[in-house]
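A.B. asks: Next comes the sequence, and after it the predicted model I'd like to discuss.
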Amino acid sequence: MNNSYATSGNSGPKVRSDCEMILELGDEGGIIIDLMSKVKVLYGESIIQQCTAILDFFGIKNAVLKINDSGALPFVISARLESVIKQLVHSDLAFLPEMLEENKYSTVSDRFRFSRLYIPGNTPSMMINAGLHSADGIILDLEDSVAPEKKDEARLLVRNALRQVSFNGAERMVRINQGDRGLKDLDYVIPHNVNLILIPKCEGASYVRDIENKILDIKKWFGLTNPVYLMPIIETAFGVERSFEIARSSTSVVALAIGLEDLAADMGVSRTAEGKESLYARTRLINAAKAAGIQPIDSVFSDVTDMEALLQNVLSSKALGFEGMGCIHPRQIPVIKQGFSPGTEEIEKSKKIVMAFEDARQKGLGVVALGSKMIDPPVVLRAQKIIDLAIKLGLLPGTWMNEIPAEAK
Amino acid sequence: MAIPTVINAAGRAVPAEINGKPAIPFMGVGKHKPHGNKYGPPIPSCSDFPDNGNKVVSTLEEALLRCGIREGMTISTHHHMRDGDLISNRIFEIASVMGVKDLVWLPSASFPCNDPVIKYLEDGTINRIEGSMNGPLGRFVSEGKMKGTAVLRSHGGRVQAIQDGEVKIDIAVLAAPSADSYGNAKGTGGRSACGVLGYAKADSLYADKVIVVTDNLVEFPCLPIEIEGNYVDYVVVVDKIGIPEKIVSGTTQVTKSPDRLLIAELTASFLEKSGILKDGVTMQAGAGGTSLAIAVFLHEILKKKGWKSKFGFGGSTKYMIEMLEQGQMGYILDAQAFDLDSVISVGKNANHIPYPVFNAYNYHSKGNLTSMMDIMILGATEVDLNFNGNVVTHSDGYLLHGIGGWQNCLHAKNVILPVPLFRDRIPVIVDEVTTLCGPGELIDVVITERGIAINPLRNDLIESVRSSGLPLKTIKELKDEAEKICGKPSKAEFEDQIVAVIKWVDGTVIDVVRKIKC
């Protein structure tokens, strides 16, 4: 390597749950650790022991390590130290913290993806409690929310977070970078039970296939069997044109997302609340997704203070056909969930339709009628889907049909 | 230098003597009942005071001299000026210039603006502080640099000590936003309005000498009277008694942190599902961001169900005022105003009543207001496996905080502590509290973002939420979770020297703080 001095991490008056490390390699003198920490009394000894062990793991015998700590948890300390070490020393080793038992689950392809919470991949303070906010999915982001010069250290932090931070059952997602950096990102995350990879600025089936092949290679190498789904994000005009191709480029693609900020930039227009400028892109994407049998997912709503506006946005998003949304603040999650869940009126109507269908079936009638109105088969199908969703969400008991009194049937 | 210690009823080693006076160790909740009569200040005579009722003297210096300020005296102040106080530091500046030494300062609380007092501790002007010590002042004391032993009392403990003669105030210096030349004073009016002057009441009645300092001299009589001029010796008029923006915050803010909001939501849900929240409920909460969020959630539930809280006890904030004004609260009985909305409300709303801690929090009086409160929301730096609570030190052993009304509030019917499981990497649920401030038998529920622990002594509460779907855990499970995420913490190390004693609400010594090992 070129120089013998490297830094990683963050420190400062507003920084919490992180640390800054400065490592200087030497020829002699052994290991000297200079620790400044908010929690020195409680964890000073343990931090020094941890760092000594990691330096030893990477075969470093002589160095001066300065740590400026603001209450970083062990998995963060470990990531920051590995990051400075790897800036100075080449190593194929990985110092992996223990994988929590509760992080070892897989998810299914058609799971509800109403809300996915973006967490910047280099901000440990936002990772620690992400699992508590009941998002359907949590995205550790290596792409746009991480500064370019921090992307290397973010990989290690995200890797360690996948192992040590409880996701509480949320779908474990990572948004990788574009191009070659993105392919390399996969090496750091796939071995650690990622359920879904988000592919930014996707513009064609080949993008998807390159990533899928890399994932297959990694899975083969490590003997992994858990499914890894893909969610391409369409963020350019060209991407919009190729939505259908992207949507069915692989059986691993389970959803198609739209990135309206970048799309507006690409189109050279301003993004408005009404969204007329993106109507074509959105409906085209929804159509492509539905045609391919996957979930269309809407963009994030950037105003985190206006919950009313968010709810309106969610409802119109749902009316167009979207089945979920990205979110950037935990307080958006309950509103999004409420918006995308079937409402009581919708459920009641669906119950009536399904019952009418059952009734007709039992009587051997070819036509389903509700009062004087005829109900077409697609309408019945949709009603059944809503009933299934309501049951899965716990809004309706599975035995609902049995609980209806005979006269009302 | 070792003072003999005894083990008190909470199992803590406490000294038998503090600052040369005998001390009574904690005997258990409700066990210590003192005998004898209340203390009385010396009998004054009106022939020593001007017939025209004009007690104004030109400077604070002159007033202190006329009060006979000398070595070893106890000087008291109140903290209604909060972080905008300009008077307390000035007292000791004057004393220092005069060469007076070994004073005892008895503030009802201190703030960062009082940090300059450190130099008067260093030069011997002040022997010790009997009151809260935050930040740099707290560190100074924790490092063993203060001459005498600090004494920390709750708001109630302070008025109890004054009324029982445990502390004899020689000179009380009371900043007042409005006063007349006779010494009548109140907490509203003028540029430095603070709302109420409740914390000054005990001082005004029991001090040997009382000085009122104001920047707003009004025509006699200053109405409504909070401090009676008949107890006042001198009145001093200055340019400014406080910095308005720091006396009250412009607005108190509900927390924006999603994690804290989660705790607040869980707390409101617990109170609703357990049935504690009901029509006619009485409640008290602090002014911290999480407490305010809880108040907002509770208000929404009251509105939705058409319920009304009979009364709330303040520290009042704009959120309590909203409940009062929108019809979800009958009265606010107020010990202090935390923000501008409260100051304005107490000045104009007949249902917003100043209610000093003078009796409300005094344990040795004929009743205890807080034991009538249904909902009490409190914080803590640490809670241990026996539900004991700490508010004065952090796990690193440094003095950080005053007790405030915390101990007094523990007597409420349902004491709820909404706290994060850990703050940065510091676990809040621990094996054993670093400093015991409140015994576990009084703390009912701990609510964290990762689960709720109910004190096993409260079977009734456990039953009431058994099938509620709330995330119930044992306190041990919570502690283990904190340690799993943060690692098992080492304990702070101390030397033998006692730097501060912690008094319980009845004047007994519940714990001590020792010098930090550097």
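C.D. replies: Perfect, I can see it now. Numbers count the residues shown, from 1 in each chain, chains lettered A, B, ... in the order given.
A.B. asks: For the residue in the stretch 401-518 of chain B that chain A sits nearest to, the count of nearby residues, please.
C.D. replies: Going by C-beta to the nearest C-beta, chain A is nearest to B:Asp424 of the stretch 401-518 of chain B, at 2.8 Å. Any C-beta I mention is one placed from the backbone N, CA and C, and that applies to glycine too. B:Asp424: 18 surrounding residues under other C-beta atoms under 10 Å in any protein chain shown.
A.B. asks: mind listing what the residue in the stretch 1-150 of chain B that chain A sits nearest to touches?
C.D. replies: In the stretch 1-150 of chain B, the residue that lies nearest chain A is B:Ser142 (11.6 Å; C-beta to the nearest C-beta). Counting by C-beta atoms under 8 Å, 6 or more residues apart in numbering or on different chains, B:Ser142 makes contact with B:Thr393, B:Gly397, B:Tyr398, B:Leu399, B:Val499, B:Val513, B:Lys515, B:Ile516.
A.B. asks: Show me the contact partners of the helix or strand hosting the fifth one.
C.D. replies: Read it as B:Val499. Element membership of B:Val499 [criterion: DSSP states H and E] is strand B:494-503. For strand B:494-503, contacts defined as C-beta under 8 Å, 6+ apart pick out B:1-3, B:14-15, B:18, B:23, B:133, B:141-142, B:144, B:146, B:149-154, B:157, B:161, B:392, B:397, B:399, B:403, B:435-437, B:509-517.
A.B. asks: One more: stretch B:457-470?
C.D. replies: B:266, B:269-270, B:273-275, B:414, B:441, B:444-445, B:452, B:454-456, B:472.
A.B. asks: Can you say which of these are buried?
C.D. replies: Restricting the contacts of stretch B:457-470 to buried positions leaves B:Leu266, B:Ser269, B:Phe270, B:Ser274, B:Asn414, B:Asp444, B:Val445, B:Ile452, B:Ile454, B:Asn455, with burial counted as 16 or more other C-beta atoms under 10 Å in any protein chain shown.
A.B. asks: Please flag which of those sit within helices.
C.D. replies: B:Leu266, B:Ser269, B:Phe270 (DSSP state H).
A.B. asks: Quick one: the helices in the stretch 201-350 of chain A, in order.
C.D. replies: In the stretch 201-350 of chain A, the segments counted as helices under DSSP state H, counting those that start in this stretch are A:205-222, A:237-241, A:243-247, A:260-267, A:279-292, A:307-320, A:332-340, A:344-363.
A.B. asks: Looking at those, spot the one closest to A:Gln384.
C.D. replies: Ranking the helices of the stretch 201-350 of chain A by proximity to A:Gln384 (C-beta to C-beta) places helix A:344-363 first, at 5.8 Å.
A.B. asks: in its sheet, what does the following helix or strand past that closest one sit against?
C.D. replies: Sequence-wise, the next helix or strand downstream of helix A:344-363 (DSSP H and E) is strand A:368-370. Strand A:368-370 has the following strand partners under DSSP bridges: strand A:373-375 (antiparallel).
A.B. asks: Determine the set of other helices and strands touching the strand or helix carrying A:Asp388.
C.D. replies: Assigned by DSSP H and E, A:Asp388 belongs to helix A:377-392. Under the contact definition 3 or more C-beta pairs under 8 Å, 6 or more residues apart in numbering or on different chains; DSSP states H and E, helix A:377-392 sits against helix A:344-363.
A.B. asks: one more time with 10 Å, if that's ok
C.D. replies: helix A:344-363, strand A:368-370 (3 or more C-beta pairs under 10 Å, 6 or more residues apart in numbering or on different chains; DSSP states H and E).
A.B. asks: Quick check, pLDDT for residue 263.
C.D. replies: Since you didn't name a chain, this refers to chain A. We have a pLDDT of 95 for A:Leu263.
A.B. asks: that's the wrong chain, I wanted chain B
C.D. replies: Reported pLDDT for B:Ile263: 97.
A.B. asks: Who are the contact partners of the residue nearest to A:Ser106 when sequence neighbours are not counted?
C.D. replies: Spatially, and ignoring its direct neighbours in sequence, A:Ser106 is nearest to A:Asn226 (4.5 Å; C-beta to C-beta, 6 or more residues apart in numbering or on different chains). Neighbouring residues of A:Asn226 by C-beta atoms under 10 Å, 6 or more residues apart in numbering or on different chains: A:Lys104, A:Tyr105, A:Ser106, A:Thr107, A:Ile190, A:Asn193, A:Val194, A:Asn195, A:Lys219.
A.B. asks: Tell me which of the residues you listed fall in helices.
C.D. replies: By the criterion of DSSP H, membership of the contacts of A:Asn226 in helices covers A:Lys219.
A.B. asks: and residue 343, how many neighbours does it have?
C.D. replies: No chain was given, so I picked chain A. Neighbour tally, A:Gly343, other C-beta under 10 Å: 15.
A.B. asks: not what I meant, chain B
C.D. replies: B:Val343 has 20 neighbours, counted by other C-beta under 10 Å.
A.B. asks: For the helix or strand containing it, give the mean pLDDT please.
C.D. replies: For B:Val343, the enclosing helix or strand under DSSP H and E is helix B:340-348. Averaging pLDDT along helix B:340-348 gives 87.
A.B. asks: any idea which helix or strand comes after that helix?
C.D. replies: Note on helix B:340-348: by DSSP H and E, the next helix or strand toward the C-terminus is strand B:352-354.
A.B. asks: and that next one, which strands flank it?
C.D. replies: Here, using DSSP bridges, strand B:352-354 pairs with strand B:329-337 (parallel).
A.B. asks: thinking again about what came up before, just the buried residues from the contacts of B:Ser142, in PyMOL please.
C.D. replies: This is the PyMOL syntax for the buried subset of the contacts of B:Ser142, where burial follows 16+ other C-beta under 10 Å:
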select buried, chain B and resi 393+397+398+399+499+513+515+516
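A.B. asks: biggest separation within the contacts of B:Ser142, which pair?
C.D. replies: Looking at those by C-beta to C-beta, the two members farthest from one another are B:Thr393 and B:Lys515, with 12.3 Å of separation.
A.B. asks: Can you name the residues of the stretch 301-409 of chain A sitting close to chain B?
C.D. replies: With the criterion set to C-beta under 10 Å from any C-beta of the partner chain, the stretch 301-409 of chain A comes near chain B through A:Val304, A:Thr305, A:His329, A:Pro330, A:Arg331, A:Gln332, A:Ile333, A:Pro334.
A.B. asks: any idea which of the residues you listed is closest to B:Lys305?
C.D. replies: Of all those, B:Lys305 sits closest to A:Pro334, with 20.4 Å by C-beta to C-beta.
A.B. asks: Counting neighbours, what do you get for the closest one?
C.D. replies: 14.
A.B. asks: what sits against it?
C.D. replies: Per C-beta under 10 Å, 6+ apart, neighbours of A:Pro334: A:Ser115, A:His133, A:Ser134, A:Met307, B:Glu265.
A.B. asks: Same question for A:Ile328.
C.D. replies: Contacts of A:Ile328 (C-beta under 10 Å, 6+ apart): A:Leu117, A:Tyr118, A:Ile119, A:Pro120, A:Ser145, A:Val300, A:Phe301, A:Ser302, A:Asp303, A:Val304.
A.B. asks: now do B:Ser181
C.D. replies: Applying C-beta under 10 Å, 6+ apart, the residues near B:Ser181 are B:50, B:52-56, B:212, B:214, B:217-220, B:222, B:229, B:235, B:237.
A.B. asks: State the distance from it to A:Ile54.
C.D. replies: Distance of B:Ser181 to A:Ile54, given as C-beta to C-beta, to the nearest Å: 72 Å.
A.B. asks: now do B:Ile426
C.D. replies: Going from B:Ile426 to A:Ile54 by C-beta to C-beta gives 23 Å.
A.B. asks: Those two - which one has more neighbours?
C.D. replies: B:Ile426 (22 against 17).
A.B. asks: Backbone dihedrals for the more buried one, please?
C.D. replies: The phi/psi pair for B:Ile426 (degrees, to the nearest 10) reads phi -100, psi 110.
A.B. asks: Give the full set of residues in contact with it.
C.D. replies: Counting by C-beta under 10 Å, 6+ apart, B:Ile426 touches A:38-39, A:41-43, A:71, B:381-382, B:394-396, B:420, B:482, B:486, B:489.
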